[in-house]
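S.K.: Build me a model from this:
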Amino acid sequence: MKLNRSTDMALRIAMLAAANPRRMTVDELSDQLDLPRNHVAKVVQRLQRLGVLVTIRGRSGGVAFAEGGGDTTVGHVVRAFEGDDEVVSCDEPACSLRAACRLRGELRRARDAFLAVLDGVTLGGLVDGPTGPVLLALGLPRPRPAPTPVASASPVGRRAVPDPV
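M.R.: As a prediction, this is how the structure comes out:
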């Protein structure tokens, strides 16, 4: 099963917010995670409605991890962003095997098992241990190498070489 882009972004944003003790702006989230700003803003709104994030407006506002957000399961976030759709659609176009097919049931069982595993993982648990500091290092400016000296373009001290005729 492949998660859609919004779900992937939501999990990354939630993890970064959980690891960060201070409020972050949408621009900071976008820069640190290298994601499009407009998409980040939409995902932040959805995470706020889920109770994962809190947003504060104004000059000193920003986005922060909600107090109870650490108890939210990854399965809950995935369901909220992915919906409860089937893995395959047997209706459009209508499948002629539908009456006797066992595949749909097995795929549903696999999806339920996938989500059951994610229901055992909390957002807070994802940032425990070494993961938190790694997340906080994302997007930080990297030290730039020292510039290499450039040879002078001045003709002083150079011999003129005549052009061959």
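S.K.: Any regions of this structure where pLDDT drops low?
M.R.: Filtered on pLDDT under 70, the chain yields the residue ranges 138-165.
S.K.: now the helices: where do they sit in it?
M.R.: 5-19, 26-33, 37-50, 74-82, 103-119, 123-126, 131-137 (DSSP state H).
S.K.: pretty sure Gly75 is touching Arg111, no?
M.R.: No: with contact defined as C-beta atoms under 8 Å, Gly75 does not count as touching Arg111 (11.1 Å). All C-beta atoms are positioned from the backbone trio N, CA, C, and that covers glycine.
S.K.: what sits in contact with each of these two?
M.R.: Applying C-beta atoms under 8 Å, 6 or more residues apart in numbering, one finds that no residue jointly contacts Gly75 and Arg111.
S.K.: what's the distance between Val74 and Val63?
M.R.: Look at Val74 and Val63: by C-beta to C-beta, to the nearest Å, they are 19 Å apart.
S.K.: nope, Arg109 is what I meant
M.R.: Distance from Arg109 to Val63, counting by C-beta to C-beta: 37 Å.
S.K.: Neighbour count: the two, which is higher?
M.R.: Val63 (23 against 10; other C-beta atoms under 10 Å).
S.K.: Dig out what the more buried one forms beta bridges with.
M.R.: Beta-bridge pairing for Val63 (DSSP bridges): Met24, Thr55.
S.K.: residue contacts, it?
M.R.: Val63 neighbours (C-beta under 8 Å, 6+ apart): 17, 23-26, 29, 44, 53-56.
S.K.: Spatially, what comes nearest to Gly124 if we skip its sequence neighbours?
M.R.: Leaving out its chain neighbours, the residue that sits closest to Gly124 by C-beta to C-beta, 6 or more residues apart in numbering is Gly70, at 2.6 Å.
S.K.: List the contacts of the one you found.
M.R.: Counting by C-beta under 8 Å, 6+ apart, Gly70 makes contact with 18, 122-125.
S.K.: Go through the residues you listed and give me the one with the most neighbours.
M.R.: Ala18 (26 neighbours).
S.K.: All good on my end, thank you.
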